[in-house]
Structures are given as structure tokens and as C-alpha cells.
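Undergrad: Sequence and predicted structure are below.
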Amino acid sequence: MSLIHFQVLSAALFSIGVYGVLARRSAVMVLLALELMLNAVNVNLIAFAAYGEQVQATGQVIAIFVITVAAAEVGLAMAIILRLFRDRASVDVDEVDLMKW
Amino acid sequence: MTLHDLYLLSPELSLASLGMVVIILDMVLRRKGVLAAVSVVGLLAPLAFSISLWGDLSGEPDGQMVGIFNTLVVDKFSLFFKFLVMGIVALVVMSSVEYVSRLRQFQGEYYGLMLFSASGMMLLAATTDLISTYVALELTTLPLVALAAFLRDSRSTEAGIKFLLLSAMSSAVLLYGMTLTYGFTGTTQLVEIFERLGASLDATVPFGSHALFLGVIMIVAGFGFKIAAVPFQMWVPDVYEGAPTPITAYLSVASKAAGFAIILRVFYIGFGEISLDWAALFAVLSAVSMTVGNLVAIAQKNIKRMLAYSTIAHAGFLMVGVASIAARVPVGETTLGPSGVLFYLVAYAVTNLAAFFAIIAISNRTGSDMISSFAGMGRRAPFLAIILAFAIVSLLGIPPTAGFMGKLYMFSAAMKSDLAWLVVVGVVNSAISAYYYLKVIRVMYMVDPEGEEKIHVAYAPQAALYITALGILALGIFPGPLMTVAEKAVAVLFR
């Protein structure tokens, strides 16, 4: 295993995440895809920290920050999605189109 | 973590504590009107700390104090933005009084979230490290998302979900770009990034390296979202329309100011070595933002939506200053680009706040945000109409207003950096914008009103209106003092 393997894994995860955000219709699935993107970032960070020129903890520290902030984000997102569901009995992001252009 | 670190953080800490105090008071007090007063008066604490920090800076040999494991810096640049953000919060709270008094619950949370978000913006201007940048950015954005969804009707909820999903996506893109930069340089400190880039760049590749190429573009995309630049602007009109109007006002000036603060800091300090590459990128984004923003604004019928597209166009004008990095080369005129950005941000803040405050006061009574509902306001609400018209003149950039001086600084910075084509685009765009801006004035003065009932304004919003209108006029006639402060503030970016 070398740095390049992790790089490819991270890029693949990130791309799958972007695809999920763009293609999924359920807001919950979009949120999951976003988590995938953030986890791609974490893989990247930890790989760089472990395989960098000098081994250091910075990357791992950032990863912890990313995980924490992502948790807060999900909390808020779930609250708003709940509100959305009460409003129109659906969490389909394609139907969220009261305002456009 | 020492006591001195806490002192460096004191403006942010006191602001966040103020937010908590307001939320707790909301549970105890019956008279909710007190909450706004507490929020404004409480701002004196962070203000006092910031003034004290500004005073201490003169004793420092290199004009900065670094703390919390080198992640936070107190210098004139960060203090400039602290003062700006506090001013904006105070004004927005004053203008919200009437609006918020109609909410049946959560009035404390409204002010509290606004203060939390402001503490994030202050931190954002003070970070010197990519990690703290990300955390501060989320601290800024998440309370704003909650505020956008605050009304809990279907439009507000829609604004919230769109804002949240798109901002989360842009944060992920930004983070990925940051990790690539971290992987390339092995550090997250902006100053160290600058030092290590100097040694390891390949002049034949754009941005000096393929990893950095991808990294910088992703960082630009992430920040571009926060400042509402095209092509990352899709969320702006919907969120502006759906969010409570005072929050729209807050979002349009404060989050833009914080976004430009971090862009200037990251790019001028961290990526100073490859400035010509990203300056070209910002120049193109600037031209596209101005053009798209102004052209789409013409078709709008809702005034909040129109101002949303106008804010996109103004992000374009502001990026002219960011792109004028080549202005650092000739001696004597080194700082006009970034110091012009600081001036423009203040000018835009007073101008846009004045416009929004007048709109809040009017649509509180008419219950509509449509431009057509402003018919005859010249007769029904002469005071509000004249201030709205004055703000619109400033947005358009006609002397003697703040907006004119801002554009003047932007364009002269661009001329000095050989960006004449960008100046041409900017001037043409100013002309286009006249079409939709003046339409509002025409509706207010030339169209007959729907009712005859006069519109009155409460004391606090009225004071906010006077302050912002005076600000527009003062900055338009005496831009010198603010420009001097801005030049001192950006000096830290050029070392």
C-alpha cells in the first residue's frame, strides 16, 4: 500500500459523493452522499499525514474536526428535512421548487 | 492555551457568550423587546476588547499577535473586519425589532444565532490556518442556515434546505482542495505554505504543480460559493427570497465581507507565490459574475430576488480588487486592490443595509416583496422612499455616494494592474444595472399608490436607517479616513 492507493480511493469516494448529490432525489440520500464526500476528505488527510515527508499529526487532527463539524451539519440538516416533510409530505429535492429563476 | 490566548480570542468569546445570554434571557423574560436592546448594548463588550487589542498592536514590532497554536492572529486586518461585522450586527438587530416582534416564539434564538454567526465571521477574518478557516466557515454558515429556515413556512424551509445542502457541498469541495494543498506542502499554516511553495514550484505548469492546480481551483470554488460568485451562485436568489428579510440583509453584507476577508488572507499570504495564476482566475470569475448578475436581475419582479442578483454582480465588482494583485509590483501604489476591497465592503454594507432596511419597513406594512407593491411610496412613505432611492443610487455608483467611491477605487486598482478589459466590462455592467435599479425609483415616484395609508417606522429601525444613509453620504464625500485605515489594515498581507 502506498500513498497513491489512498489517493485513488479518496478521489473515487469523492466522485461517487458528487454523483450522489447531483443524481439522488431524496434529501436524506443527498445528505449521505455529502457524508461520502467528507469521508473522502478524511481518507486524504490521514493518508497525507501517514505518508508525508515527515509523519505528523496535523492531518489526523483536521480529520477529527471534519467529523465533528459534519455531525453538527447532519443535526441541522435532519431538523430542516423534518420540517420539509411536515410541510409537503415528501423529502424529494426535485419537488422543492417553489422558487426558481 | 494561555491567558493571553484567551485575551486574543476575547472579542469572539464575548460575542458568543452574548448570544447565549440572549437565548437564556428569552426563557426568563416576558417582555421580549428587551432582547434586541441586550443584543445591541452587549456588543459593547466585544467592541471594548477589540479597541483594547487595536491599542496593544502598536506595541508589537511586526504589528500582529499570534495565538492558540499559531492558528489565530490579531492584526489590523482582522480587527477591521471585527469592527465591520459588529457594526453590521448592531444595525441588523435594530432593524429587526419590528419584524421579530411578530414571531410568536424563538425571538431569543433569532438574535442568538445571529450573534453566533457573527463570532464565526470574526474568527474567519483572524485565522492563519486552513483548519481554523474551515471551522470558522462552518460556524458562520450553520447559524445562517437555521436563520434562513426560521419562519417555518414552506418558502423559508425551502431556502433552508437549499442553503444547507449546497453549502455543505461547497464545504466538502473546499476541504478537498485544502487537503490537496496540505498534501503538497505538508502544512496547514498559511505562512509556511507560502515559504514551502517558493521552493517547489514548476514554472512550466499552471499554478506551479498539478496538485496545486486542482487544489487552488477547488478552494476558489468553495470560497466562491460563500461570496456568491458565478458559477457558484445558484443558491443565492432562492435563499434571499425565502429567508426572513433582515436575515437576507445580514447574509448579503456580513457573509460577503467575511468571505472576502478569508479570500484575501488565504490567497495573498498562502498562495502569494502563484498570484498571477489565481489573479487571472478571479478576473474571469469577476467578469462573469458582473454580467450574469446584472442581466438576470433585469427580469426580476420580486425586490429581494432583484437584490440577490445585484449582490452577485457586486461580488463581481469586489473580485476586481482581488484580481488586481499585479498592483503590488510598482512601488507606491502597492495596496490599492485589497484596500479598495475593504473600502468597497464597508460602502456596500451601508448601502445594501439602507436599501434592505427601507424594504423591511415597507413590506412589513404591505406584506409583499413585489416591486409593483412599492408603487407610490414616494407619497405614502416619503422618508423611506427617499432613503431607498438614495441607496439605489449608491448601488448604481453615482456620486456623491459610497458606492461611487468604491467602484472608483476598484477600477483604478484594475487599471494599475493592466486589467483594462475588466474595467470596460465593469463600466458596461454599471450601465446595464441602471436599467433595473432605476425601475424601482420609477415605480416609487411615478406610479400611483394602491392605498393612501401612510407608513410609519418604529424608533430603532428609523435610527438604523439614519445611520446607514449618513454612512453612504459620508463615505461618498470623505472617503479618505476610511481608506487610510483600510491601507493600514491590508499592510499585513504584503510582507
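TA: That came in fine, so what should we check first? Numbers count the residues shown, from 1 in each chain, chains lettered A, B, ... in the order given.

Undergrad: is chain A contacted by stretch B:350-370?
TA: No. Counting by CB under 8 Å from any CB of the partner chain, chain A has no neighbours in stretch B:350-370; the shortest distance is 11.4 Å. Every C-beta, even on glycine, is put in place using the N, C-alpha and C of the backbone.

Undergrad: Mind listing what's buried along that stretch?
TA: Buried positions in stretch B:350-370, judged by neighbour count with 16 or more other CB atoms under 10 Å in any protein chain shown: B:350-366, B:369-370.

Undergrad: Helices of chain A, start to end?
TA: According to DSSP state H, chain A carries its helices in the segments A:3-23, A:27-51, A:58-88.

Undergrad: mind putting these in a markdown table, mean neighbour count, distance to chain B and mean pLDDT included?
TA: A markdown table is the format used below for these (neighbours: other CB atoms under 10 Å in any protein chain shown; distance: least, CB to the nearest CB, whole Å; pLDDT from 0 to 100):
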| stretch | mean neighbour count | distance to chain B | mean pLDDT |
| --- | --- | --- | --- |
| helix A:3-23 | 16 | 6 | 94 |
| helix A:27-51 | 21 | 4 | 93 |
| helix A:58-88 | 17 | 5 | 92 |
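
Undergrad: what residues are up against residue 78?
TA: All of this refers to chain A. Residues in contact with A:Met78 (CB atoms under 8 Å, 6 or more residues apart in numbering or on different chains) are A:Leu31.

Undergrad: Correction: the question concerned chain B.
TA: Contact criterion CB under 8 Å, 6+ apart gives B:Met122, B:Ala125, B:Ala126, B:Ala261 as the residues in contact with B:Ser78.

Undergrad: For it, give its distance to A:Val69.
TA: In this structure, B:Ser78 lies at 22 Å from A:Val69, with CB to CB, to the nearest Å as the measure.

Undergrad: element containing the closest residue to chain A within the stretch 301-450 of chain B?
TA: When CB to the nearest CB is the measure, the stretch 301-450 of chain B has its nearest residue to chain A at B:Arg305, with 8.0 Å between them. With the criterion set as DSSP states H and E, the secondary-structure element containing B:Arg305 is helix B:303-323.

Undergrad: which strands and helices sit next to that helix?
TA: Helices and strands touching helix B:303-323, by 3 or more CB pairs under 8 Å, 6 or more residues apart in numbering or on different chains; DSSP states H and E, are helix B:235-242, helix B:245-250, helix B:256-265, helix B:275-298, helix B:336-366, helix B:402-416, helix B:420-446.

Undergrad: I'd like these laid out as CSV, including mean pLDDT and distance to B:Gln189.
TA: Shown next, in CSV, are the helices and strands packed on helix B:303-323 (pLDDT from 0 to 100; distance: least, CB to CB, whole Å):
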stretch, mean pLDDT, distance to B:Gln189
helix B:235-242, 93, 31
helix B:245-250, 94, 31
helix B:256-265, 94, 12
helix B:275-298, 92, 19
helix B:336-366, 93, 21
helix B:402-416, 92, 28
helix B:420-446, 93, 32
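
Undergrad: Of all those, which one is nearest A:His5?
TA: Between A:His5 and the helices and strands packed on helix B:303-323, the shortest gap by CB to CB is with helix B:275-298, which sits at 29.8 Å.

Undergrad: Okay, buried residues for that closest one please.
TA: In terms of neighbour count (16+ other CB under 10 Å), helix B:275-298 has its buried residues at B:277-279, B:281-283, B:285-297.

Undergrad: And it, what does it pack against?
TA: Contacts of helix B:275-298 with other secondary structure elements, assessed using 3+ CB pairs under 8 Å, 6+ apart, are made with helix B:210-226, helix B:303-323, helix B:420-446.

Undergrad: from those helices, which stretch is densest packed?
TA: Neighbour counts averaged per stretch over the helices and strands packed on helix B:275-298 are highest for helix B:303-323, at a mean of 27; criterion: mean count of other CB atoms under 10 Å in any protein chain shown.

Undergrad: got the CA positions of that one in CSV?
TA: Extracted C-alpha coordinates of helix B:303-323, given in CSV (Å, rounded to 0.1, in the frame of the first residue of the first chain):
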residue,chain,number,x,y,z
ILE,B,303,-37.3,43.1,-5.0
LYS,B,304,-35.4,40.6,-2.7
ARG,B,305,-34.7,38.5,-5.7
MET,B,306,-33.5,41.5,-7.7
LEU,B,307,-31.2,42.5,-4.9
ALA,B,308,-29.9,38.9,-4.8
TYR,B,309,-28.8,39.1,-8.4
SER,B,310,-27.5,42.6,-7.7
THR,B,311,-25.4,41.1,-4.8
ILE,B,312,-23.9,38.6,-7.3
ALA,B,313,-23.0,41.5,-9.6
HIS,B,314,-21.4,43.3,-6.6
ALA,B,315,-19.4,40.2,-5.8
GLY,B,316,-18.0,40.6,-9.3
PHE,B,317,-17.1,44.2,-8.7
LEU,B,318,-15.3,43.2,-5.5
MET,B,319,-13.4,40.5,-7.2
VAL,B,320,-11.9,43.2,-9.5
GLY,B,321,-9.9,44.3,-6.4
VAL,B,322,-8.8,40.7,-5.6
ALA,B,323,-7.6,40.2,-9.1
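
Undergrad: which parts of chain B sit against chain A?
TA: The interface of chain B toward chain A, taken as CB under 8 Å from any CB, is made up of B:130-131, B:134-135, B:138, B:142, B:145-146, B:149, B:152, B:154-155, B:157-162, B:164-165, B:168-169, B:172-173, B:175-176, B:179-180, B:182-183, B:186-188, B:237-238, B:241-242, B:296, B:299, B:305.

Undergrad: Out of those residues, which sit inside helices?
TA: Judged by DSSP H, these include B:130-131, B:134-135, B:138, B:142, B:145-146, B:154-155, B:157-162, B:164-165, B:168-169, B:172-173, B:175-176, B:179-180, B:182-183, B:237-238, B:241-242, B:296, B:305 as members of helices.
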